Structure formats: structure tokens, C-alpha cells
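**Student:** Below are the sequence and a predicted model; questions follow.
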Protein chains: 2
Amino acid sequence: MSTAEAVKLREAPPSPVDRLQALVAADMAEVDTLIHARMGSAVPLIPDLAAHLVDSGGKRLRPLLTLAAARLGGYAGRHHVKLAAAVEFIHTATLLHDDVVDASALRRGKIAANIVWGNKPSVLVGDYLFSRAFVLMVEAGSIEVLGVLARASAVIAEGEVMQLKSANNLAVTEAEYLKVVSAKTAALFASAAESGALLSGGRAPFVRALREYGQNLGIAFQLIDDALDYSGRQAQMGKSVGDDFREAKATFPLIVAYARADEEARRFWRRTIETGPQHEGDLRRAIAYIEDCGAIAETRARAHLYAEAAADALSDYAETEIGAALIDVAAFCVGRGY
Amino acid sequence: MSTAEAVKLREAPPSPVDRLQALVAADMAEVDTLIHARMGSAVPLIPDLAAHLVDSGGKRLRPLLTLAAARLGGYAGRHHVKLAAAVEFIHTATLLHDDVVDASALRRGKIAANIVWGNKPSVLVGDYLFSRAFVLMVEAGSIEVLGVLARASAVIAEGEVMQLKSANNLAVTEAEYLKVVSAKTAALFASAAESGALLSGGRAPFVRALREYGQNLGIAFQLIDDALDYSGRQAQMGKSVGDDFREAKATFPLIVAYARADEEARRFWRRTIETGPQHEGDLRRAIAYIEDCGAIAETRARAHLYAEAAADALSDYAETEIGAALIDVAAFCVGRGY
């Protein structure tokens, strides 16, 4: 490392996510080892394909919630490591299945596993990881926790099916969008936190608080994700934007922008989202429409409300190191530029 | 019903599968009700797509094994109904995911759900049913049984991934084929029977016997399925044949036929299975090669060995009504012409 890099690293204050990660660093190292052990198989394609996602540098936010919730509840056992790995496997399986495309769909943007290996291997390796998640939960030994995560998995799938209808559809309402997000994203955040709390043997109000924290954090997180996908600043930084636009998904910023659009902008949205085709330059124009009408600001404001609700849910635990970090994570997640 | 039809129905002796079904008819009616209740969702596409498979007239052989095993073990509770429904959901999810095709794959034969609704809904509804299966298992309350079915699900996915390699590949050996079948088909038969036995609180040798019965029955069942796919008689009866040939899968009859082929036949197999293209008339020629060299007879003989092993596993229970029916089911399954 150069001196300049070292100075830069020293100067960057740790984010709340880093702080939370540091608080459960030893546990998370075990989760990582367990994930790699349990994604193994005598069939080499399975770990190869799984590694494409597992080692892609994700922040492991969901298993982090499980570990933190268990510790916050005073859990002193080792089973939270298994639950956290299971949560990450469910997430990975969802990503693999989410990337599967219909024959009619166009595929652009970054290279997904299904592009490298094909749809079918992506589906089957997702199934494998999903099954291994349940094996891990069985080993964790709590049928109550298993119920929480099994029900969440069903809700996630329901949310994904609901979302199919939001493609090429400008009639999607804010309420419908939020219902989809509550299911497809927030359900796993909620059950990740709840399962750790439940495993710790915490009382009902504690378990409920962690669930509520996760649910609201998940919605806030997704709203910011959706905003970033139309962020001109992101585009300037060379980061990938426009996936939702190209896939013609009705996300929150788009719903707001369409509601505020004049006739010319409506014609643009109808062509690019509902009827096609999209042309070169359309994404730039979409970003301009969305930023200029205040839809990004509106999306961020909405995300802030959910982040506040997440923080409020944990107000009784704000004096603890983990509780304070979780509260700060909520604020940080909506402020993030990535 | 015409008199002729009524006479014919009266004359046809009930098959062992019918006999077994009659022995658990009340339970199976509950399973059916539960399946329909639990495949429901506020998202209408889910039950619509699920019904495409659930109501397609399958014999419900796998849940039948669960019910029969529980009853054979003297189980007097109601949870076996939930387990049986869970087993059928796992099977249905597997079928939905099995039908997903890679962008490059050609699609022929009967209309699969993914053709009607697209790949992505098939994947997501499969995930939904799979998750609902685990919710049902949680309700059944046995974490031990949950472990059996979770591990089986992972093995099934592994088997499906292994099978991907058997497409366009004449180098697949009998041993490799049997390994795939043990995983992708027999694992669910085995765990369906084992889970019922385990739920009944039966002792280890009983549970082991049911598992062994299911495992061997599953292999026999798949071998016969593979033979029927090259059956000229089936073709004459107007039934669908040739799916495996068109998908260029190395199944048991093909592996045997290729090993016995002369140079001309080998050239035919290399073209139709490994390099393509397939022409009109190729399926008829494939069926002729496979039947003439005795590969169908060999496949059936092998299936008989597994059916015998299945029957042997239950020899201690041959005096009971259910045990005798299960033993007869094994013999019947390899004799079947459908």
C-alpha cells in the first residue's frame, strides 16, 4: 500500500455498517467460512456458479442483521452463525432466480450468472442453495425460527411475481410499488433480524422491534437503490445506472416522475416504458426528467421516513453498542451514494 | 357412462396403486384440499400457474408413499397430511424448474408451464411452492423430518445439475446415469416414504426400510419412464414419446444401445445426440435401434432388479395390508405400460 493510500484509509471515518461489522467480526468470519463450506458439492458447477455471486463483494447486510440481532438479544451460543449463513443463501438463491430471463426479454447491463452459465444452471444452483439454507436452519435447531424464514421465503416469491406486473406498466401506483418492495426486499431484512432476535430467546417486544427495524430498513434500502438507478451523479462516476429503465420497471422515482410529467414527458415515458422501442440517449433524457421534476428528492425523502421508522423501532436499545450501530446504519443506508 | 364402459370398468382389476390409494383415501382427500388451499395467494398468477401442474392428473405417487408409510408405522395423528402435501409441493416445484429452458435450447413436445407463462413466472411460482412446502413441514412440527426433506431437496437439485452434463453426451456411463437418477428422482421417493415413517415414531429399522423401499422404487420408476420414452408401442397408442431423444439426453436405453451399436448406428447416434441436427424420421429410427438391440428389454430388466430390492426392503411388513400393497406397487410400476 502506498503512503497516500494508507493516509486516505486512515482518514476515511468508518461507516456505521463498518462499525456494526466490526462488532460481530469474529461471527461474520465464521459465517463466511460456513457459506463457502456449504455451497460446496461434488458437482463442480455448483460451487463455481455460486461463487460468482457469493464472492462478488456484497456487503452481507442481511446476515449482519441476523448476527447483530442475536448479539443484541444476549445470545451466547453458536447457532446464529448457521442462521446468518442460511439468510445469505436465501438471498443468493433469490438473486440467481431473479436474473433468469424469459425468452422474450432483452438482456443488457452487467453480466449475470445466467448469461455466463445459462438459465437452467442458475435456477438449479439457486434451488441447491435454497435447500442448503433449510438444512442450516434445521441444524440451528429452532422450528420457530424456521417458520419465520420459510414464511418470508414464500412472501419474497410472491413479491417477485407481483413485480412481474410492474414491467411495461405506467399504471402501477405508489401503494402497489411499496407492497412489492415490502415483499420482495423487506421481508428478508425483517426475517433476518427477527430470526436472530428469536434465536436469542428475547421477549416478544424485542423480537417485534427487530422485525420492524428490518422491515423498514429494507424498504428504505430498496427506495435508495431505485433512486441510484436514475442517478446522474452515479453515471458520472462510471457506475452502472439505468437497469430498471432498460427493463422498463415501474419503480418509485418513475411513478413519481410520470405523475408529475407534462404531455411531452408522458409521451416519452409511454414509448420507453410501455410500448418501446428505447433509443440511444433515452436513458440520459429519463434521468433528466426524473431529476428535474424532483422525483429523486421525493424518493430519498420517502426513504428517510422508513429509515426513521427503523431507528424508532430500536429506540429502547439505543444505549447499547449494537443498538446504536443499527440505528446509525438506517440513517447511513439512505444517505449512501452507492 | 355407456354400458360397455361400465362393464369395462367393472372388469378392470384395481391396480396396486389404486389399492394403496383406497387404503388412505380419506387422508389423500385431505391432502388434496390442503394442496389447493396452500397454493393459493393474493397474487392470482400463482394459483393459476400452480394449478396447471397440480390439476394435471398426476397420480400423487410421492405423497401416497408418505401417507402409506405413516399409516404403516401406526401413526394416528393428522400431521402426515401436511407432510404429504409438502412432498407434492416439492415435486411440483421441481417440475416447474425442470421445464425452464436456456435461451439456446429448443423447445418441443408438450406445452409446459414456462411456454404458457414464461420462464420467470415458472421459476418464481416454483419458489413459492417450495417455500410453502417448508411452511407445511414447520407446521407438522418435526425438525427431524424437516431435515430429511431439506437434505433431499438439495440432493435433487444436485442431481438436476449433474443431469445437465448428460445432454449431447454419449460418454455418459450406466453408473453416472444411475447416480443422476438416484439423486434427481429417487431422493424424493426415498424421503417421501422415510418422512412418513419417521413421523409415525417408528424405530430405526422401520424408517430405514421405508427409505430403502422409496429409493429403489424411485430408480425403477425412472428406468421405466426412460424406456417408455422410446416405446414404439406407446407411439402406436398415440402417447407422447421421444422427449428424451429430442432433448438429446443420455438415458439408460440410449446408453445401452450406443454400447451395442455397429458403426452405422454409432454415426446415427453421434449426429442425433452429440452434434445435431435431427431430421424427420430420426425418432422412428432411434426407436428401432433401441428396440432391436434389446436396450428396452435390458432397461426393463434393470428396473425389475430395483423393484425387487424395493419389495425386499418391506418383506417384514408383507403381512399388513399397506405393506402388501406397497410391495405390489413396486412390481406394478415396472410392469406399467404408461
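**Tutor:** Everything's here; your move. Keep in mind that this is a model prediction, so the values were computed, not measured.

**Student:** Give me the residue at the spatial middle of chain A.
**Tutor:** Central residue check for chain A by CA atoms, centre = their mean: the C-alpha nearest the mean position is that of residue A:185, 5.7 Å away.

**Student:** Packing partners of the helix or strand where residue A:37 lies?
**Tutor:** Element membership for residue A:37, per DSSP states H and E: helix A:25-38. Counting contacts by 3 or more CB pairs under 8 Å, 6 or more residues apart in numbering or on different chains; DSSP states H and E, helix A:25-38 packs against helix A:61-72, helix A:79-98, helix A:119-140. (Glycine included, C-beta is placed from N, CA and C.)

**Student:** can you list those helices in CSV and add mean pLDDT and mean neighbour count?
**Tutor:** Shown next, in CSV, are these (pLDDT from 0 to 100; neighbours: other CB atoms under 10 Å in any protein chain shown):
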stretch, mean pLDDT, mean neighbour count
helix A:61-72, 98, 27
helix A:79-98, 97, 26
helix A:119-140, 97, 26
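
**Student:** Excluding covalently adjacent residues, which one is nearest to residue A:74?
**Tutor:** Counting by CB to CB, 6 or more residues apart in numbering or on different chains, residue A:74 lies nearest to residue A:200, which is 5.9 Å off, once chain neighbours are set aside.

**Student:** and if you look at residue A:285?
**Tutor:** In this structure, residue A:285 finds its nearest non-sequential neighbour in residue A:268, 6.6 Å apart by CB to CB, 6+ apart.

**Student:** from the stretch 201-338 of chain A, which residue is nearest to chain B?
**Tutor:** residue A:247 (11.4 Å; CB to the nearest CB).

**Student:** Please report the distance of the residue nearest to the centre of chain A from residue A:78.
**Tutor:** Using CB to CB, to the nearest Å, residue A:185 is found at 29 Å from residue A:78.

**Student:** Test my guess that residue A:101 contacts residue A:118.
**Tutor:** No: counting by CB atoms under 8 Å, residue A:101 does not reach residue A:118; the two are 10.7 Å apart.

**Student:** From residue A:134, how far off is the residue nearest to residue A:74?
**Tutor:** When distance is defined by CB to CB, residue A:200 is 21 Å away from residue A:134.

**Student:** and if you look at residue A:17?
**Tutor:** Counting by CB to CB, the gap from residue A:17 to residue A:134 is 28 Å.

**Student:** OK, contacts around residue A:277?
**Tutor:** Counting by CB atoms under 8 Å, 6 or more residues apart in numbering or on different chains, residue A:277 touches residue A:271.

**Student:** Surely the residue nearest to the centre of chain A and residue A:222 touch.
**Tutor:** Yes: here residue A:185 reaches residue A:222: they are 4.3 Å apart, a contact under CB under 8 Å.

**Student:** For the one helix or strand residue A:46 maps to, name the packing helices and strands.
**Tutor:** Assignment of secondary structure by DSSP H and E places residue A:46 within helix A:45-54. Using 3+ CB pairs under 8 Å, 6+ apart as the contact test, the elements touching helix A:45-54 are helix A:79-98, helix A:113-117, helix A:119-140, helix B:143-164.

**Student:** now those in CSV, with distance to residue B:260?
**Tutor:** Output for the helices and strands packed on helix A:45-54, formatted as CSV (distance: least, CB to CB, whole Å):
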stretch, distance to residue B:260
helix A:79-98, 41
helix A:113-117, 34
helix A:119-140, 31
helix B:143-164, 23
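
**Student:** right, and residue A:69 touches residue A:194 too?
**Tutor:** Yes: contact between residue A:69 and residue A:194 holds when scored by CB under 8 Å: they sit 7.3 Å apart.

**Student:** Find residues that contact each of these two.
**Tutor:** residue A:210.

**Student:** Tally up the residues packed near residue A:296, please.
**Tutor:** 23 (other CB atoms under 10 Å in any protein chain shown).

**Student:** For it, give me the backbone phi and psi.
**Tutor:** For residue A:296, the backbone dihedrals (degrees, to the nearest 10) come out as phi -70, psi -50.

**Student:** Can you verify my assumption that it contacts residue A:288?
**Tutor:** No: counting by CB under 8 Å, residue A:296 does not reach residue A:288; the two are 11.1 Å apart.

**Student:** Can you check which residues contact both of these two?
**Tutor:** Counting by CB under 8 Å, 6+ apart, residue A:296 and residue A:288 have no contacts in common.

**Student:** The longest helix along chain A packs against which elements?
**Tutor:** The longest helix of chain A (DSSP state H) is helix A:204-228. In terms of contacts (3+ CB pairs under 8 Å, 6+ apart), helix A:204-228 is packed against helix A:61-72, helix A:174-181, helix A:187-199, helix A:252-260, helix A:295-313, helix A:321-335.

**Student:** Can you name the residues in contact with the second one?
**Tutor:** In other words, helix A:174-181. A:159, A:162-163, A:166, A:218-219, A:222-223, A:250-252, A:255-256.

**Student:** now do the fourth one
**Tutor:** Residues from elsewhere that reach helix A:252-260 (CB under 8 Å, 6+ apart): A:170, A:172-174, A:177, A:223, A:226-227, A:229-230, A:244-245, A:265-266, A:269, A:273, A:289-290, A:293-296, A:298-299, A:302.

**Student:** Next, the angle from that helix to helix A:204-228.
**Tutor:** 60 degrees (axes from the mean of the first three to the mean of the last three CA atoms, to 10 degrees).

**Student:** Confirm that residue A:13 lies within a strand, as I assumed.
**Tutor:** No: applying DSSP: H, G, I helix; E, B strand; the rest coil, one finds residue A:13 to be coil, outside a strand.

**Student:** What's the separation between it and residue B:225?
**Tutor:** Per CB to CB, residue A:13 is found 63 Å from residue B:225.

**Student:** Compare these two and say which is more crowded by neighbours.
**Tutor:** Between residue A:13 and residue B:225, residue B:225 has the larger neighbour count (other CB under 10 Å), namely 19 against 8.

**Student:** how far away is that one from residue B:301?
**Tutor:** Look at residue B:225 and residue B:301: by CB to CB, they are 16 Å apart.

**Student:** buried residues in stretch A:160-169?
**Tutor:** Neighbour-count burial for stretch A:160-169 flags A:160-164, A:166-167 (criterion: 16 or more other CB atoms under 10 Å in any protein chain shown).

**Student:** Show me which helix or strand of chain A is least confident by mean pLDDT.
**Tutor:** Lowest by mean pLDDT, DSSP states H and E among the helices and strands of chain A is helix A:3-11, with a mean of 54.

**Student:** Now for residue A:172: which residues touch it?
**Tutor:** Going by CB under 8 Å, 6+ apart, residue A:172 touches A:165-166, A:250, A:255.
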